[in-house]
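# Mind folding the following:
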Amino acid sequence: MWPRAGVQKFMERRWVIGGLSSSLLALGLFAACPMRVASAASRRSRKPTVVIDPGHGGVDPGALGRNGLEEKAVVLDIAEHCATALALRSGASVHLTRREDVFLSLEERVAIARRHQADLFVSIHADSAPTPAARGLSVYTLSGDASDKLAASLARHENAVDAAYGVKLRQFDDAVASILFDLARRETLNLSRAVQRRLIGDLASRMRLLDNPARHADFAVLRSAAIPAVLVETGFLSNRADELELRSGRYRRKIGATLATSLSDALSVVLTS
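Predicted structure coming up:
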């Protein structure tokens, strides 16, 4: 649990950004789903909120392992275990973007986080990498420029999902895109990177990590000006060893529980900043 003063300080600062985001929404410049304006009393009393996003679902299976293992099923199982453990450990209000095998657009996933007034958004994946040698857990933050070819490839793959299944992404003109990115860069990206550092530092002694596990790229699902967000790749189904582990229900429970422990610590970074 966190000190009341830390939560209040964070909420007072974050609702300033939320107000700006809501103004952009009113002008039709942001994805639909306005953020609610909370009273000072409710901000002081509200529990921290985390939204966990199991990637893919429904008609979109995500990555496929050599033996037919589907990413959408793997990450839903991990996310459910993580959500249960995180709520018990931290006392936070934890929500999933999906609890069933359904398709959600990237905009819908972000809208769910806004609707719950999330303090932290965590998207969980188990992708395929361009090289089968890539193995281990990694954590990504939003950036206009990718940290490396692997991060760029993953972002291209994830961002193409909506187009592949007939969803039209909302387009912004250059001026509006600049405003949104400036908001995110100034108030949210630093927090996202702080969460990333805390997660990597904590997970290093608990899980096998990808070489250089802290990476960044332009992931559409992380584009929210008001909510710190990270994308966690729990492993790669293109790697035989990772696929074998991710096929195990016991291993998925382990990842979920381990992520919950690390996210509980990382959430304190957000709330006390």
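
# For the stretch 101-250 of the chain, give me the ranges with low pLDDT.
147, 154, 157, 159-186, 224-225 (pLDDT under 70).

# Could I get the full set of strands for it?
Secondary structure of the stretch 101-250 of the chain, counting by DSSP state E, counting those that start in this stretch: strands at 120-125, 137-142, 209-217, 229-233.

# Pipe the ones you listed into CSV and attach mean neighbour count per row.
(Each C-beta comes from the backbone N, C-alpha and C, glycine too.) Shown next, in CSV, are these (neighbours: other C-beta atoms under 10 Å):
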stretch, mean neighbour count
strand 120-125, 27
strand 137-142, 26
strand 209-217, 19
strand 229-233, 27
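
# Could you say which one of those comes nearest to residue 251?
Evaluated with C-beta to C-beta, the strands of the stretch 101-250 of the chain place strand 137-142 nearest to residue 251, the distance being 11.7 Å.

# circling back to that earlier point, how about a markdown table for the strands of the stretch 101-250 of the chain, with distance to residue 70 added?
Below are the strands of the stretch 101-250 of the chain laid out as a markdown table (distance: least, C-beta to C-beta, whole Å):
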| stretch | distance to residue 70 |
| --- | --- |
| strand 120-125 | 12 |
| strand 137-142 | 19 |
| strand 209-217 | 21 |
| strand 229-233 | 16 |
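
# right, and those - which one's nearest residue 152?
The nearest among the strands of the stretch 101-250 of the chain, by C-beta to C-beta, is strand 209-217 at 5.6 Å.

# what's in contact with the one helix or strand residue 94 maps to?
Per DSSP states H and E: residue 94 is located in strand 93-96. Contacts of strand 93-96 from elsewhere in the structure, counted by C-beta atoms under 8 Å, 6 or more residues apart in numbering, are 47-54, 79-80, 83, 86-87, 112, 116, 118.

# wait, what's in contact with the closest residue to residue 48 other than its chain neighbours?
Take residue 48 and drop its neighbours on the chain: the residue closest to it by C-beta to C-beta, 6 or more residues apart in numbering is residue 92, 4.4 Å away. Taking C-beta under 8 Å, 6+ apart, we find residue 92 in contact with 47, 48, 49, 50, 86, 119, 264, 267.

# Most neighbours among the contacts of strand 93-96, which one is it?
Counting neighbours by other C-beta atoms under 10 Å, residue 54 comes out on top of the contacts of strand 93-96 with 30 neighbours.

# distance of it from residue 202?
For residue 54, the distance to residue 202 equals 21 Å [C-beta to C-beta, to the nearest Å].

# Residue 143 too?
22 Å.

# helix or strand for the nearest residue to residue 202 once chain neighbours are set aside, which one?
Using C-beta to C-beta, 6+ apart and skipping the chain neighbours, the partner closest in space to residue 202 is residue 262 (4.1 Å). Assigned by DSSP H and E, residue 262 belongs to helix 249-271.

# unless I'm mixing things up, residue 114 is touching residue 121, no?
No - contact status for residue 114 versus residue 121: not in contact, 9.2 Å apart, counting by C-beta atoms under 8 Å.

# roughly how far apart are residue 65 and residue 55?
Counting by C-beta to C-beta, the gap from residue 65 to residue 55 is 15 Å.
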